[in-house]
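Visitor: Generate a structure from the sequence data that follows.
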Amino acid sequence: MSTPTVLVIEDSSYLADSLVDMLEMHDYTSMHAATGREGVALALEHEPDLILLDIRLPDINGYEVYRRIRETDWGKSARIIVLTASESVENIAKNIDLPTDYVLFKPDWSIQDLMTQIEKRLQY
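Guide: Residues are numbered from 1 along each chain as shown. Take a look at the predicted model:
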C-alpha cells in the first residue's frame, strides 16, 4: 500500500508549514497550496487521498474550492476536512455538504485531534 497523500490548502505559511511537518513526521506525503486556485489545480492534478481545506483564502474562498473539486468525477468522493478560524457551523453547513465532524475550528484542536481525524478519514 502506498503512502497516503494529504493536500493542505492554507494561506498561513506558519500553519501550513506546521501541518506539512506534522504530516511528514507521521509518514504521510504532503503537498501545500497557499491559494484556492492553486489548491484546486493541485487537487485535480494529483488526486490526493485527503484535503485539509481552509475557508478564508486570498483569492477564492474554501467554499468555491470545495465546489470546484466536487464538480469533477474524482472530486465527488474526495475526502476533505475543513479547517477554519472564523466560520460558524451554520455558515459552513449552508455552503458545503460535510458532516460537522469533518470541520475543525482553529485553534480549538490539537495536533492529536487532527491526526485522529486524518486517520479516521483515510480508513478504506
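
Visitor: Could you identify the longest helix within this structure?
Guide: In terms of residue count, the longest helix belonging to the chain (DSSP state H) is helix 13-25.

Visitor: middle-most residue in this protein, spatially?
Guide: residue 52 (1.4 Å; C-alpha atoms, centre = their mean).

Visitor: List the residues that contact that residue.
Guide: Contacts for residue 52 (C-beta atoms under 8 Å, 6 or more residues apart in numbering) come out as 6, 7, 8, 9, 10, 19, 81, 83, 118. For the C-beta atoms, the positions are set from N, CA and C on the backbone; glycine is no exception.

Visitor: so the last one sits in a strand?
Guide: No. Applying DSSP: H, G, I helix; E, B strand; the rest coil, one finds residue 118 to be helix, outside a strand.

Visitor: Below-threshold pLDDT in the protein: ranges please.
Guide: For the chain, the stretches flagged by pLDDT under 70 are 1, 86-90, 93, 95, 98-101, 104, 106-108, 124.

Visitor: what ranges do the helices span in it?
Guide: Counting by DSSP H, the segments of the chain that form helices are 13-25, 36-46, 62-70, 89-95, 111-121.

Visitor: C-alpha coordinates for the last one, CSV please?
Guide: The C-alpha atoms that make up helix 111-121 are tabulated as CSV, following Å, rounded to 0.1, in the frame of the first residue of the first chain:
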residue,chain,number,x,y,z
ILE,A,111,-2.2,18.0,16.7
GLN,A,112,-3.5,14.8,18.1
ASP,A,113,-7.1,15.8,17.4
LEU,A,114,-6.2,16.5,13.8
MET,A,115,-4.2,13.3,13.4
THR,A,116,-7.1,11.3,14.8
GLN,A,117,-9.4,12.9,12.2
ILE,A,118,-6.9,12.3,9.4
GLU,A,119,-6.5,8.7,10.3
LYS,A,120,-10.3,8.2,10.6
ARG,A,121,-10.9,9.8,7.2
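
Visitor: Good, wrapping up.
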